[in-house]
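[1] Provided below for reference: sequence and predicted model.
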Amino acid sequence: MTGADGSTAYVERTSDGEKFQGWHILSALLENKPGVLFRVTNLFRARNFNIESITVGSTEKTDLSRMTITFNGDERTLDQLVKQLRKLIDVVEVKVLDTNRTVYRELALIKMKAAEPTARMEIVNFASIFRANILDIGNDTITVELTGTPDKIDAFKRLVEHFGILQLARTGVSALSRGGEL
Amino acid sequence: MIGSKALVTALEREGVEYVFGLPGGANLPIYDALVDANFRHVLVRHEQSASHMADGYARIKRKAGVCFATSGPGATNIITGLATAYADSSPVLAVTGQVAVAMIGKDAFQETDIIGVANPCTKYSFQPRSARDIPETVKKAFYIAESGRPGPVLIDIPKDVQQASAEMTFPDLIKVRGYSPIVDPDLSQLGKAAEILLTAQRPIIMSGGGVILSGAFSELQALAELLMAPVVTTFKGKGSFPENHALAMGPIGMHGHAEANKMILEADCILAVGARFSDRSVGRYDEFGRGMNIIHLDVDPAEIGKNKLVDVAVIGDVKSSLRTLFKMLSKAIIKKDLDNPWLKRRKELIDYYSETIKDYSRELTARKALKKLREILPSESIVTTEVGQCQMWASLHFDVISPGTFFSSTGLGTMGFGFPASIGAKAARPEVSVVDIAGDGSFNMTENSLAVSVLDELPVIVFLMNNYMLGMVAQWQRAFYNRRYMGVHQHNCPDYVKIAQAYGAEGIKVQSLPELEQAIRSALKMEVATVIDISIDPEEDVYPFVVPGTGLKDMVTGS
């Protein structure tokens, strides 16, 4: 496995790396300058990496952006993804985060049909159970804001699906390692 | 100082001797600055050739070769050359003109988003937006192109940036955050590799292009002799090991040497050095190396496990890895006997296949022509090839004796590469003869570089094996499409002797072996480019052949 410390370990031939499917979070620091996002996304396309989500934004340092990538795949593909990312000159650092020692969150905005008073009550109830915020109420719609792990957002989505989801926007995952680990 | 002057000064400071290029509207300021440059500019007749010349120069000099083009079509014309250099890890620096910053994104005349176009086929690209950035950009471009796993780099300079004045500082040292090639190999990994090699009964070395890029010829030879391990190469690695050596077996792969393809299947341990397990070299990934220990030395971490999972990987400059491995093993190994069964097997296979694979009975075949060339050509001469049958025949029938004197477009397989690249190679090493082993289909693509060869006094020999056919395609149509030929006939057009003469070069038509011998001898004395037009049979096939999608064990020998 590729060491999160940037070591040059690799998937060994004897490992079951190819078979083991998993959900992975990668955190990368990129040069904060024009064209970098293009280079990274073009790499995904050119090398056939099927990415689940990408978020990019500013960091504690003005000249670096942080990209968080989530991806479903086997260890060997993960290993290649990390190595190919590291190979990009504008990628300063890539880490595979251990999901048990990482805080990660996604934000979702969900607009639902809510014309019936009972539906409105129910949605408000679900929102409060999920600690979601009601952002907007119209004559026939309610829009909520929900933050959590992707699983939590999936669960909420399943719960409210029968009301009729009109629009949904998810941001993708942002993540940082727990404790003092950098 | 203005931007274009800063560019030229920065190139001079890098020790550039040659720039291959063609001017246009968006790089006129650069061409104005070139008037006072202390290096030579070679005017090409098509930008594609400029990029191949820079590539050929780079491969022989083992330093970045430089090419210039204008914006738009000039820039897109060098893309084939950049993709070729990228596939073969060659340090080419391309400098393109771009429309003025204010015009970018407006679909201006001769505007192309060349940074976007070049992205997948360059190691990195720059577009300085301020003249002040040019010196540092050039320094970084050379550093990135030449270090680690080399590759092409593009600098795209908007015209107003070329013209703008600024206070310039030329850095001697630069750092690129996010780029730090690993040079020194990990000793514990090398220890594991040494352990495996010590217990191997039938070790084989698979030497790739990385050995040539790293210049690790003597290190490779020393280790091979210590281990008494036969050496096969990839096609890119051809010439990384003297092919007349008692351990040499030549290239493996789709059109590899039969004995090499067979031998590697019988090994119990493969030491792959600077090789990337390409499909053309190893056939099916899943079959290759099954039941054997594979050790992989490479400078690029991303090559480890990309195509083939291995047992031990050592990341670092292969020269350094080989040297350390030698030190570790030399204490433990008592010199092995040349008479051991594994080396006897090598001899047996070579003898068997030299009997089995027969040449065609005609007097003049590609094989006989190339053997004749080898016989006459001094071993230090540089040889490159076009792409197709001529290239595979060169791989099979032309032994490279002096390491590092052979190169070809192996990864991308770019037709039209060989001739301009040979001119670049001549610029890099003018004291030796340079030969382009060519076919008519490929040579046709960039033959206008004859003008460059003649006018810039960079004479090379075009060893044109002419069947007036896109021969490799025709061979596949014979083999897989029931001889339904489509789009392969060149219908005796053009007359290559007249083409050569039209550019002021020499052309010699050859129909027999004695004529060929005479032609080679007189071409070697010639001070001008010479095209030796050798008539060969359009039905002559390349064998052996590992059909795509099969493994090395399924090799067809054609007899």
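    Arrived safely.
[2] host element of residue A:174?
    Following DSSP states H and E, one finds residue A:174 within strand A:165-177.
[3] residues making contact with that strand?
    By CB atoms under 8 Å, 6 or more residues apart in numbering or on different chains, the residues outside strand A:165-177 that reach it are A:25, A:27, A:52-55, A:57, A:66, A:68, A:70, A:95, A:97-98, A:101-113, A:141, A:150, A:153, A:157. Where C-beta positions appear, they are placed from N, C-alpha and C, glycine not excepted.
[4] hang on, residue B:408 packs against residue B:418?
    Yes. Using CB atoms under 8 Å, residue B:408 is in contact with residue B:418, at 7.1 Å.
[5] which of the two has more residues huddled nearby?
    More crowded of residue B:408 and residue B:418, by other CB atoms under 10 Å in any protein chain shown: residue B:418, with 35 against 28.
[6] what's the separation between that one and chain A?
    27 Å (CB to the nearest CB, to the nearest Å).
[7] and that residue, its phi and psi?
    For residue B:418, the backbone dihedrals (degrees, to the nearest 10) come out as phi -60, psi -50.
[8] contacts only, for it.
    Counting by CB under 8 Å, 6+ apart, residue B:418 makes contact with B:384-387, B:391, B:408-409, B:436-438, B:442-443.
[9] okay, now the sheet partners of the strand holding residue A:174, with direction.
    strand A:102-113 (antiparallel) (DSSP bridges).
[10] which residues touch whichever helix or strand comes after the strand it pairs with?
    For strand A:102-113, the following helix or strand on the C-terminal side (DSSP H and E) is helix A:117-129. Here helix A:117-129 makes contact (CB under 8 Å, 6+ apart) with A:112-114, A:132-134, A:137, A:142, A:144, A:146, A:156, A:159-160, A:163.
[11] same check on stretch B:5-14?
    So stretch B:5-14 is in contact with B:1, B:19, B:30, B:33-34, B:36-39, B:64, B:66, B:95, B:131, B:134-135, B:138-139, B:142, B:157, B:162, B:166, B:168, B:170, going by CB under 8 Å, 6+ apart.
[12] what does chain B put close to chain A?
    Counting by CB under 8 Å from any CB of the partner chain, chain B comes close to chain A at B:115-116, B:119-120, B:123-124, B:127, B:144, B:176-179, B:182, B:186, B:294, B:300-302, B:304-306, B:309-311, B:313, B:315.
[13] need the buried ones from these selected in PyMOL.
    Here is the PyMOL command that picks out the buried ones among the residues of chain B next to chain A, judged by 16 or more other CB atoms under 10 Å in any protein chain shown:
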select buried, chain B and resi 115+119+120+123+124+127+144+178+179+186+294+300+301+302+304+305+306+309+310+311+313+315
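[14] okay, and which of the residues of chain B next to chain A map to strands?
    B:124, B:294, B:313, B:315 (DSSP state E).
[15] the residues you listed: which two are farthest apart?
    Spatial extent of these (CB to CB) is set by the pair B:124 and B:294 at 30.7 Å.
[16] okay, and which of the contacts of residue B:418 map to strands?
    B:384-385, B:436-438.
[17] am I right that residue B:297 is in a strand?
    Yes. Checked against DSSP: H, G, I helix; E, B strand; the rest coil, residue B:297 lies within a strand.
[18] how near is it to residue B:249?
    19 Å (CB to CB, to the nearest Å).
[19] for these two, indicate the residue with more neighbours.
    Using other CB under 10 Å as the criterion, residue B:297 and residue B:249 rank with residue B:297 on top: 32 against 26.
[20] I figured the more buried one hits residue B:324, correct?
    No. With contact defined as CB under 8 Å, residue B:297 does not count as touching residue B:324 (10.2 Å).
[21] which neighbours do the two share?
    The contact lists of residue B:297 and residue B:324 share residue B:185, where a contact means CB under 8 Å, 6+ apart.
[22] format the contacts of residue B:418 as a markdown table; extra columns: pLDDT and distance to residue B:84.
    Formatted as a markdown table, these follow (pLDDT from 0 to 100; distance: CB to CB, whole Å):
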| residue | pLDDT | distance to residue B:84 |
| --- | --- | --- |
| B:384 | 98 | 12 |
| B:385 | 98 | 13 |
| B:386 | 98 | 12 |
| B:387 | 98 | 10 |
| B:391 | 98 | 13 |
| B:408 | 98 | 10 |
| B:409 | 98 | 5 |
| B:436 | 98 | 15 |
| B:437 | 98 | 17 |
| B:438 | 98 | 16 |
| B:442 | 97 | 13 |
| B:443 | 98 | 16 |
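[23] please list all residues in contact with residue B:302.
    A:80, A:83-84, A:86-87.
[24] please apply the same query to residue B:262.
    B:349, B:353, B:552, B:555.
[25] check residue B:293 too.
    By CB under 8 Å, 6+ apart, residue B:293 lies in contact with B:196, B:200, B:268-270, B:311-312.
[26] before we move on, what about residue B:166?
    Residue B:166 makes contact with B:1-3, B:6, B:130-132, according to CB under 8 Å, 6+ apart.
[27] can you turn the buried part of those residues into a ChimeraX selection?
    Buried members of the contacts of residue B:166, defined by 16+ other CB under 10 Å, are picked up in ChimeraX with:
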select /B:1,2,3,6,131,132
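[28] can you tell me which of the contacts of residue B:166 end up in strands?
    Counting by DSSP E, these place none of their members in strands.
[29] what's the closest of the contacts of residue B:166 to residue B:241?
    Of all the contacts of residue B:166, residue B:241 sits closest to residue B:6, with 43.3 Å by CB to CB.
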